[in-house]
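Asks: Below are the sequence and a predicted model; questions follow.
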Amino acid sequence: MRKLIFIFILFGVSLWAREEAFPRLECPAFNNMKHTKNADGIYLDTKQKYTILKHYKGQNLILIRGAHPAQRWVDERCFSKHSDSSNPLNVERVESKVASIDDDLCKIFMNADSSKYTKKYENRDISQQNLLVLSWHNAFCETHRVKKECKRSLFSFGRSNYREKHFVLHGLWPQPKSKVYCNVSRVYVNLDKHQQWNRLPDLELSNEVETRLQKVMPGFSSNLHKHEWIKHGTCYGTDANEYYEDAISMVEQMNDSRVGDFFQKHIRKHVTLQQVRAVFDRSFGPGTGKRIELKCDKGLITELWLHIGSDSDTLAARLKQGKEIRSHCQGGLVDQAGF
């Protein structure tokens, strides 16, 4: 009887050892075997152990506690393979060692990749045509109320802040629009596309640039700056610090101009594309208004799209280098703060 119990316990331990493993790779965990859906954009964590429920046609069905659904499909290659099937009790130690080695290699890779995307390029290929995208934050928050940057502190009521009376930075996008993710690894592209921006590498920004960026880009609190750099900034032709220096400078120039005054004075009022283009012409020179697009949603002006060139520190010169553009939105309300 004791021998039978011992065999049963040994079998249970062996079964447990077979079905618990660390992943070798940060693979996406899909809802289905066809890999067409990944709810919540979940990726495996190489430092976390998972229960493997089933092996089928080159895939593993695993259990991810806290996920919805909890059972997910991943490729078998995501977990370390072993050859000593006669000794399942050693499998976990082998897998642990392999996972540890892979984790160290992954760290080296991530650090090297991070450096690649944040340090100055030796051979610059500056983007000649760009799109400066500015958001009217009050209108953005009408449809994104759960965003961190849209939540106001109890101590802020009754006081306005910069984002409520100025345009803020959404992004600086090299053109054409297909010019994205330049020399970016597939790991980072996947993280970015699944909006796991907090897992993207930190940017090497000076204290001054980071402080100014937090002011003109409220989405900084949601790691928008990491997303914008990985997707668009890597195609700009500079390092991250200079990329954001240029973007911040142009946002500040726009807000400090007659255009900024115009929008502040017209909060809660309807303005037209013709009015906006006219004030751009007065502020930055004749013809610059033709480089402006209005973006609207549900009657609210949500964004300004400025088609600009390069090779200048002044927004006026860059606007004159940009291409003329048609705007589908012909006008809208300048929203006030609050919902």
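Replies: Okay, I see it.
Asks: Only C-alpha atoms from now on, for both contacts and neighbour counts.
Replies: Fine.
Asks: Of all the residues in stretch 186-206, which ones are buried?
Replies: 188-189, 191-192, 194-197, 200-201, 203-205 (16 or more other C-alpha atoms under 10 Å).
Asks: Quick one: end-to-end distance for that stretch.
Replies: 27 Å (C-alpha to C-alpha, to the nearest Å).
Asks: Now do that stretch, average pLDDT.
Replies: For stretch 186-206, mean pLDDT is 93.
Asks: All further residue positions should be reported with the first residue as 29.
Replies: Done: numbering now begins at 29, and the last item shifts to stretch 214-234.
Asks: domain assignment for the protein?
Replies: 30-144, 151-361 (automatic domain parsing).
Asks: quick revisit: please tabulate the buried residues of stretch 214-234 in TSV and include distance to residue 204 as additional columns.
Replies: Supplementary listing: the buried residues of stretch 214-234 in TSV, determined by distance: C-alpha to C-alpha, whole Å:
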residue	distance to residue 204
216	21
217	19
219	23
220	20
222	23
223	23
224	25
225	24
228	24
229	25
231	24
232	26
233	26
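Asks: ok, which pair from those is furthest apart?
Replies: 222 and 233 (24.3 Å; C-alpha to C-alpha).
Asks: re the thing from before, quick check: which of the domains of the chain is buried the most?
Replies: Sort the domains of the chain by mean neighbour count, taking mean count of other C-alpha atoms under 10 Å, and domain 151-361 sits at the top with a mean of 18.
Asks: where are the low-confidence patches of the stretch 79-228 of the chain?
Replies: 108-152, 172-174, 180-188 (pLDDT under 70).
Asks: at 50 what do you get?
Replies: Where the stretch 79-228 of the chain drops to pLDDT under 50, the residues are 110-151, 183-187.
Asks: residue boundaries of the helices in it?
Replies: With DSSP state H, counting those that start in this stretch as the criterion, the stretch 79-228 of the chain has helices at 119-146, 165-170, 190-193, 214-221.
Asks: helices or strands up against the second one?
Replies: For helix 165-170, the packing partners by 3 or more C-alpha pairs under 8 Å, 6 or more residues apart in numbering; DSSP states H and E come out as helix 190-193, strand 328-336.
Asks: And the shortest one, how far out from the chain middle?
Replies: Same thing as helix 190-193. Centroid separation between helix 190-193 and its chain, computed with C-alpha atoms, centre = their mean, to the nearest Å, is 23 Å.
Asks: Assess the claim that residue 332 and residue 161 are in contact.
Replies: Yes. Assessed by C-alpha atoms under 8 Å, residue 332 is found in contact with residue 161 at 6.0 Å.
Asks: Which secondary structure element is home to the residue sitting nearest the centre point of the chain?
Replies: With distances taken as C-alpha atoms, centre = their mean, residue 255 lies nearest the centre of the chain, 2.7 Å away. Following DSSP states H and E, the helix or strand that holds residue 255 is helix 252-259.
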